[in-house]
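In: Next comes the sequence, and after it the predicted model I'd like to discuss.
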Amino acid sequence: MSYEIVARPHQQNFIDWSADKPEVVVLTADLTNSCEVGKWRDTYPSRYFSMGMAEQNMLGVAAGMAREGFEPWLHTFAVFLYRRPLDQLQMSIAYPALKVRLVGFLPGIMTPGGVTHQAIEDLAIMRSIPNMTILEVGDATEAESMLDVAHAIDGPVYIRQLRGEVSRIFPKDEPMEFNKARVLSQGEDITLITSGIMTEEALRAIPLIQERGVSVQHLHVSTIKPFDDPQVIKAVTTAKKGVVTMENHTVVGGVGSAVAELMAEHGSTAPLRRIGVRDTYAHGASQKYLMAELGLNADALVSAVEELVGKSLEIDPDALAAARVVDVHSSAKAEAL
């Protein structure tokens, strides 16, 4: 299965989108080119603010600018938006429900930078913050269209964004919609809920699973909070054999937890299998290596489905669609991390 590969989908798109929005300003924390806003800075120099490696200050400044009518778009690696500056995030931005957009790149295990750079628990923390909306991008189309979704929200928004060379899985004319899942396949046996990069990974295995006589209702979710899409509720409460979630995040507090909460609240008794980082830290390695080591890949999906249906599907790992190898260094990424 192959997709169009889009280089730096955020870069020029964000420039074009910002042209008629003078209230939009960008703040970065020493990661301008790494977050694809170097050309944005050159295009709108009076609206760009480099805050250095001082994320706590960056969030405080963004809060002040939001109070004055600006719409700050903070660009940095995901982990730097919530770990050290959590107090500023909570008290200066979330508590007064200010229109600050927190664009977090390299979520989960997408970076080889090790534990200091891997945001594997960001959803668990962000979901617990009142007034916070959470979006997660799954392909190039969503990397482009999330701008309109976030812009329309009256309050803070945290975005798990993709950079570099990104697959276009969804048609360009089918943009992200707020709190509305994409139904990628229909079925009654298994309900599969995926987010972010895990959707592309799941698609490697689903055709073979269905060929073995197991029907799969596959939903891709891009709104992580709120998490009350009627389509998702129906899907997780009607699965005959069980529900599987796949996320680029720890299984504690993320999409798997959100699905478990929905199932409990709506009386579902179906078994649930959560694919994600178990209760552990990751380490420095390539994305492909970490996905295999931590069980965040198509093989893990096959195993979870086999558990739920109670039989081997006899799917040879070599028969799975080839995984796209994401280079650490490429012409689309100026920096390794």
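Out: Sure thing, it's come through. Residues are numbered from 1 along each chain as shown.

In: which SSE is residue 174 in?
Out: Taking DSSP states H and E as the definition, one finds residue 174 inside no helix or strand.

In: for the residue nearest to it when sequence neighbours are not counted, helix, strand, or coil?
Out: Using CB to CB, 6 or more residues apart in numbering and skipping residues adjacent in sequence, the residue nearest residue 174 is residue 141, 6.8 Å away. The way it works is simple: take the backbone N, C-alpha and C, and place the C-beta from them, glycine included. Look at residue 141: counting by DSSP: H, G, I helix; E, B strand; the rest coil, its state is helix.

In: The stretch 51-200 of the chain: helices as residue ranges?
Out: 55-67, 86-87, 122-127, 140-151, 198-202 (DSSP state H, counting those that start in this stretch).

In: So for residue 28, which of those sits nearest?
Out: helix 55-67 (7.9 Å; CB to CB).

In: now that closest one: mean pLDDT?
Out: Helix 55-67 carries an average pLDDT of 98.

In: Quick check: buried residues in that helix?
Out: 55, 56, 58, 59, 60, 61, 62, 63, 65, 66 (16 or more other CB atoms under 10 Å).

In: Using a markdown table, please lay out those residues together with distance to residue 253.
Out: Below are these laid out as a markdown table (distance: CB to CB, whole Å):
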| residue | distance to residue 253 |
| --- | --- |
| 55 | 22 |
| 56 | 23 |
| 58 | 25 |
| 59 | 21 |
| 60 | 26 |
| 61 | 29 |
| 62 | 25 |
| 63 | 25 |
| 65 | 30 |
| 66 | 27 |
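
In: Now do the closest residue to residue 175 other than its chain neighbours, the pLDDT please.
Out: Once flanking residues are discounted, residue 175 sits nearest to residue 145: 3.3 Å by CB to CB, 6+ apart. Confidence at residue 145, expressed as pLDDT, is 98.

In: so residue 145 touches residue 176, yeah?
Out: Yes: shown here, residue 145 and residue 176 form a contact pair, counting by CB atoms under 8 Å, at 4.5 Å.

In: Does residue 92 touch residue 63 like I think?
Out: Yes: proximity of residue 92 to residue 63 meets the contact threshold set by CB under 8 Å, at 3.9 Å.

In: Give me the domain ranges for this protein.
Out: For the chain, automatic domain parsing gives the domain ranges 9-105+138-168, 182-309.

In: Name all residues that make contact with the residue nearest to residue 280 when sequence neighbours are not counted.
Out: Of all residues not flanking residue 280 in the chain, residue 294 sits nearest, at 7.8 Å (CB to CB, 6+ apart). Residues in contact with residue 294 (CB atoms under 8 Å, 6 or more residues apart in numbering) are 109, 277, 278, 280, 282.

In: what's the answer for residue 3, then?
Out: Per CB under 8 Å, 6+ apart, neighbours of residue 3: 139, 167, 168, 169, 200, 324.

In: Mind checking which of those residues are buried?
Out: Here, 16+ other CB under 10 Å leaves 139, 167, 168, 169, 200, 324 buried among the contacts of residue 3.

In: Pretty sure the fifth one sits against residue 168.
Out: Meaning residue 200. No: in terms of CB under 8 Å, residue 200 does not count as a neighbour of residue 168; the distance is 10.4 Å.

In: need the domains of the chain in CSV with distance to residue 318, can you?
Out: Listed next are these as CSV, based on distance: least, CB to CB, whole Å:
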stretch, distance to residue 318
domain 9-105+138-168, 22
domain 182-309, 11
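
In: right, so of these, which gets closest to residue 115?
Out: Comparing the domains of the chain by CB to CB, domain 182-309 comes nearest, at 4.9 Å.

In: now the end-to-end length of the closest one.
Out: 24 Å (CA to CA, to the nearest Å).

In: Work out which residue lies at the spatial centre of the protein.
Out: When CA atoms, centre = their mean is applied to the chain, the residue found nearest the centroid is residue 136 (3.2 Å).

In: average model confidence for the longest strand along the chain?
Out: Of all the segments of type strand in the chain, defined by DSSP state E, the longest one is strand 242-250. For strand 242-250, mean pLDDT is 98.

In: Give the partner strands of it in its sheet and their orientations.
Out: strand 190-195 (parallel), strand 272-277 (parallel) (DSSP bridges).

In: Which positions within the first one qualify as buried?
Out: By neighbour count, and taking 16+ other CB under 10 Å as the criterion, the buried residues in strand 190-195 are 190, 191, 192, 193, 194, 195.

In: can I assume the fourth one is in contact with residue 216?
Out: In other words, residue 193. No: with contacts counted by CB under 8 Å, residue 193 stays clear of residue 216, the gap being 11.0 Å.

In: got a list of what residue 128 touches?
Out: residue 253.

In: any idea how far it lies from residue 90?
Out: 10 Å (CB to CB, to the nearest Å).

In: Residue 198 too?
Out: 28 Å.

In: Between those two, which has more neighbouring residues?
Out: Neighbours per residue, other CB atoms under 10 Å: of residue 198 and residue 90, the larger number sits with residue 198, 29 against 18.

In: how about the more buried one, what does it touch?
Out: 246, 247, 248, 275, 296.
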